[in-house]
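Visitor: Okay, here's the prediction I keep looking at, along with the sequence it came from:
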Amino acid sequence: MAPSLSKLCLLALSLVFGTALGEPWKAIDADFADPSIIKTGDGYYAFATNSHGVNTQIAHSADFKTWKVLDGQDALPGPLPSWVNGSHSQIWAPDVIQRNDGIFVLYYSAATSGPKSKHCIGAATSSSVIGPYSPEKDVLACDKSKGGAIDAAGFKDDDGTYYVVYKVDGNSLNQGSNYHPTPIMLQKLKSDAVTPDGDAVQLIDRSDADGPLVEAPSLVKSGGQYYLSFSSNWYNTLKYDVSYAVASAVTGPYTKVLAPDAPLLVSGDGSNVGPLGGPGGSDFREDGSAIAFHAFNNGKDMGKGRGMWVANIKIGGGRISIE
Ligand SMILES: *[C@@H]1O[C@H](CO)[C@@H](O)[C@H](O)[C@H]1NC(C)=O
């Protein structure tokens, strides 16, 4: 039988864009780590960890394919709240959601002021997606005695409840291979999406299969199930990856998906610019149809920083695949 017209169309498209079918494509060839993405009335925006002299980097795309970093523009320029070390703020892994009233909320982690600094999580709001975001005075999650809290990602459930997922940064306490827990937590929020509502609950933790840690959570709901993506192993090695767990209630229990359906991305997987190195730090598009993640720009280590890749995904039946 001859190939279908739609298959031929897809093939033609893939030739035009220079990508094979089903492969992530490189969106940003610069240091743009721990990306998060959001769809707005004005195309797509991405946010990333501090680099190039700004606290929170921003990029824009009209079509999700071609991306441009808004050079020098900072979504979170400060002044930062007093719990943050203002001269050494180290803003990591920002994530933006839009509230029902149109206000944008940015979750971030920052180095605390004072001795024995750890990272903790704060929230900030803006009427414009690119900011400047005004930080809330109080810290949102800290867990300082357990190593701090990082990698926040907002989530709006289909009943309208807001949550933030984050990682307790237990590995910041590690000495050698004496591994501490690095639980991924779910914190319910009030309708302002910045004030905690009750205590955080644990969704997953590291196991020996994850090496020293799990981190970089992102949550999406599809087909009545909750999908929690996360990364395992050290971020600066080729073992870093994108994996996921599935639950039928937002609070869990979450089951980590195993091979061959997971990890979703590992070093050596193909992309339009060659094999990925150290893929991780992924974020779901809210509609569950795509992800953004970072990987080594040089394919092998941190030498040229971590750029952003995007990929279309298919979610269903408790599984995620790259499309
Ligand atoms: C901020 O961080 C720097 C560098 O680690 C440190 O020297 C300084 O004491 C810190 N400041 C405060 C207020 O914690």
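Guide: It's in.
Visitor: Show me the helices in the stretch 1-150 of the chain, by range?
Guide: Ranges of helices in the stretch 1-150 of the chain, per DSSP state H, counting those that start in this stretch, are 5-17.
Visitor: remind me which residues of it are low pLDDT?
Guide: Applying pLDDT under 70 to the stretch 1-150 of the chain flags the ranges 1-21.
Visitor: Strands of that one, start to end?
Guide: 25-28, 36-40, 43-48, 57-61, 68-69, 92-98, 104-111, 119-126, 134-135, 149-156 (DSSP state E, counting those that start in this stretch).
Visitor: Around Val168, how many other residues sit close by?
Guide: Val168 has 26 neighbouring residues, counting by other CB atoms under 10 Å. To be clear about C-beta, it is placed using only N, CA and C from the backbone, and glycine gets the same treatment.
Visitor: and it, bridged to which residues?
Guide: Ala149 (DSSP bridges).
Visitor: is it true that it touches Lys144?
Guide: No. Between Val168 and Lys144 there is no contact under CB atoms under 8 Å: 10.0 Å.
Visitor: what residues does this structure put near the ligand?
Guide: 85, 87-88, 113-114 (CB under 6 Å from any ligand atom).
Visitor: in the stretch 151-300 of the chain, which segments are predicted with low confidence?
Guide: In the stretch 151-300 of the chain, no residues with pLDDT under 70.
Visitor: Just the buried ones from the residues of the chain next to the ligand, in PyMOL syntax?
Guide: Applying 16 or more other CB atoms under 10 Å to the residues of the chain next to the ligand, the buried members can be selected in PyMOL as follows:
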select buried, resi 113
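Visitor: Could you work out the most separated pair of the residues of the chain next to the ligand?
Guide: Using CB to CB, these span at most 12.5 Å, a distance reached by Ser87 and Gly114.
Visitor: Let me know which of the strands of the stretch 1-150 of the chain is the nearest to Ser207.
Guide: Per CB to CB, nearest to Ser207 of those: strand 149-156, 18.2 Å.
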